[in-house]
Each structure stands twice: as structure tokens, then as C-alpha cells.
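Enquirer: Let me see the structure of the following:
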Amino acid sequence: TSLSEGLKDSDPYVRKTAAVCVAKLYDISPDAVEEHGFLKTLRSLISDHNAMVVANAVAALAEIAESTSKDVFKITPDMLNKLLAAMNECTEWGQVSIL
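Expert: Reported below is the predicted structural model:
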């Protein structure tokens, strides 16, 4: 799908925008998000080399977590290290999203 392609695009702007789209799609159709593996892909964006992509992935996962009882955003020690590294490169908005 186009959203899958967007999440894996070479342009970080496309990836960070696609991350937000996953959260919006989850509001409309949680089953579609899970069926297409978008949550897994969104979690993988936490390892992205671009800090704004990481921040948007965190913001999207946090938004999804607020609307479901499922544990969609479990932070592992490895993930925590990646989030802390991304904070050094983020804008203030990105830092707040990660925190």
C-alpha cells in the first residue's frame, strides 16, 4: 500500500508524515492498522536515523496507546537508548514528544 511505502521511503519527511498517518488511520480502522503490520513498522521507526522520524513515531504510538487497552508502546532498554540518542538531535517539539 502507499502508506507502507511511505513508512519506508528514503525521504525522512515522507516517513515522519506517514508515521502520523498511521495514528490517524488507527482512529478510523484499528483492524486495518494491525492487519497491514503498521504498528510493527511504526515501532521500527524508533530506530530511524532521523530524529524527527523517531519523534513522530513516538507521538503516533503514544496517540494510539491512549485509544486502546493493548500495549502498543512497550519501551525496552534498547529502545530507551535509541530514544535518548534521538533527543540530542530533535527540535523542542520532538524532545517533548519523546519525553
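Enquirer: For the residue lying closest to S4 once chain neighbours are set aside, grab phi and psi.
Expert: Of all residues not flanking S4 in the chain, H36 sits nearest, at 6.6 Å (Cβ to Cβ, 6 or more residues apart in numbering). The way it works is simple: take the backbone N, C-alpha and C, and place the C-beta from them, glycine included. H36 adopts backbone torsions of phi -90, psi 0, taken as degrees, to the nearest 10.
Enquirer: didn't H36 look like it was pressed against L3?
Expert: Yes. Using Cβ atoms under 8 Å, H36 makes contact with L3 at a distance of 7.5 Å.
Enquirer: related to what we said a few turns ago, what's the burial count for the residue nearest to S4?
Expert: By other Cβ atoms under 10 Å, 17 other residues sit near H36.
Enquirer: Helices along this structure, start to end?
Expert: Secondary structure of the chain (DSSP state H): helices located at 2-7, 12-28, 30-35, 38-44, 51-66, 77-87, 92-98.
Enquirer: for those, which one ends up most surrounded?
Expert: Highest mean neighbour count among the helices of the chain (mean count of other Cβ atoms under 10 Å): helix 51-66, with a mean of 22.
Enquirer: Tell me which other helices or strands that one touches.
Expert: Helices and strands touching helix 51-66, by 3 or more Cβ pairs under 8 Å, 6 or more residues apart in numbering; DSSP states H and E, are helix 12-28, helix 38-44, helix 77-87, helix 92-98.
Enquirer: Minimum distance to A60: which of those has it?
Expert: helix 12-28 (3.9 Å; Cβ to Cβ).
Enquirer: and the angle from the closest one to helix 51-66?
Expert: Taking axes from the mean of the first three to the mean of the last three Cα atoms, to 10 degrees, one finds helix 12-28 and helix 51-66 inclined to each other by 10 degrees.
Enquirer: quick one: low-confidence parts of this structure?
Expert: The chain contains residues with pLDDT under 70 at 1, 99.
Enquirer: residues contacting the residue nearest the centre of it?
Expert: Computing the C-alpha centroid of the chain and ranking residues by Cα atoms, centre = their mean puts A57 first, at 1.7 Å. Each residue near A57 by Cβ atoms under 8 Å, 6 or more residues apart in numbering is listed here: K16, A19, L42, R43, L45, I46, D48.
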